[in-house]
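In: Quick check, what structure comes out for this input:
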Amino acid sequence: MSVICHDLKCIFLHVQRTAGTSITRMLLDAGRVFAPVGLHQSAADLRASDPRQWDEYFTFAVVRNPFDVWVSWYFHRTAKYRIPAAYQNFAAWIRDWQTWYNRHPFVYADQWGLVSDGQRVLVDRLLRFETLEEDLAAVRQCLGIVGHAGLPHLNASKRQADYRAYYDVETRQIAGGLAKADIENFGYSF
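Out: This is a model prediction of the structure:
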C-alpha cells in the first residue's frame, strides 16, 4: 500500500515485492503519521489525484530485478494462500502464468508501469532492492529520519536459494518476456 506522509512531505509508492511493507513500517516507527492511498497505485494515478501535492512532496519507490520478483511472488503466494496442485513448483506456475494472472490480476504489475508514465520515471528517487540499505540511507537523510537502525524484514518470501536456481531456459524466456519493460527500462538482466 502506498502512503503519504504529510509531516515529512513525502509519498512512498509501494511496488509489490520490493520491501514496501518494511519501508512503511520504518516510516511508522519513525513516529510519522501517514495516510494509506490505495493498494499498489501507479505513480501516474497518484500524481493525477493531486498534482500539486505530487509536485511539492518528495516521492520515492523501490524496484527489484524482475526475475527475482517472480520467484518472490511465487513463494509469497504459496506460503500465504492455497494454490492448485498444478502449481506446486515455480516452473509450472510461471509456464501457466497467463491462466493464473487471469484469475489473480493483482498478483503482478510491471514495475515500469507503476513508477512511470510510459516514457519516464515519475518519482523523485528510485531505489533498488539490490542496494536498498544504501539507497534508503540517502532517503532517510533527505527526510530527516535520524537514529533509525536498519530496515525491519517484514512480509519476506521464504525460499531456499538464489532466484536463478528456480529457472530453466524456458522459464527464463517466459519471465523475461513478461518483464520486458522492467528489463529494458531499469537495465536488469538474469
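
In: Any stretches of this protein with poor pLDDT?
Out: Scanning the chain for pLDDT under 70 picks out the ranges 31-33, 38-40, 79-86, 98, 100-109, 148-150, 152-158.

In: would you list every one of the helices in it?
Out: 20-29, 43-49, 51-56, 66-80, 90-95, 97-103, 111-115, 132-143, 169-178, 180-186 (DSSP state H).

In: now for the second one, which elements pack on it?
Out: The one in question is helix 43-49. strand 10-13, strand 58-63 (3 or more Cβ pairs under 8 Å, 6 or more residues apart in numbering; DSSP states H and E). C-betas here are computed from N, CA, C, even on glycine.

In: Would you check that Arg128 makes contact with Arg64?
Out: Yes: the criterion here is Cβ atoms under 8 Å, and Arg128 meets it with Arg64 at 7.4 Å.

In: For the two, indicate the residue with more neighbours.
Out: Using other Cβ atoms under 10 Å as the criterion, Arg128 and Arg64 rank with Arg64 on top: 23 against 15.

In: That one reaches Leu126, doesn't it?
Out: No: applying Cβ under 8 Å as the test, Arg64 and Leu126 come out as separate, 11.3 Å apart.

In: circling back to that earlier point, which one, of the helices and strands packed on helix 43-49, ends up nearest to Val37?
Out: With Cβ to Cβ as the criterion, Val37 lies closest to strand 10-13 of the helices and strands packed on helix 43-49, at 7.7 Å.

In: Show me what that closest one is in contact with.
Out: 2-5, 20, 23-24, 27, 37, 41-43, 46, 53-54, 57-61, 114-115, 123, 143 (Cβ atoms under 8 Å, 6 or more residues apart in numbering).

In: hmm, try it at 7 Å
Out: 2-4, 23-24, 27, 43, 46, 54, 57-61, 114-115, 123, 143 (Cβ atoms under 7 Å, 6 or more residues apart in numbering).

In: Give the pairing partners of it; include direction for each.
Out: strand 3-5 (antiparallel), strand 58-63 (parallel) (DSSP bridges).

In: okay, these, which one's buried deepest?
Out: Per-stretch averages of neighbours, counted by mean count of other Cβ atoms under 10 Å, single out strand 58-63 among these, with a mean of 22.

In: Run the chain-centre distance for it.
Out: Taking the mean of its C-alpha atoms, strand 58-63 sits 10 Å from the chain's own mean (Cα atoms, centre = their mean, to the nearest Å).

In: Run through who's touching it.
Out: 9-13, 15, 18-20, 111, 115, 123-129, 132, 139, 142-143, 186.

In: Taking those, please make a PyMOL selection of just the buried ones.
Out: To isolate the buried subset of the contacts of strand 58-63 in PyMOL, counting by 16 or more other Cβ atoms under 10 Å, use the following:
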select buried, resi 10+11+12+13+15+18+19+20+111+115+123+125+126+127+129+132+139+143+186
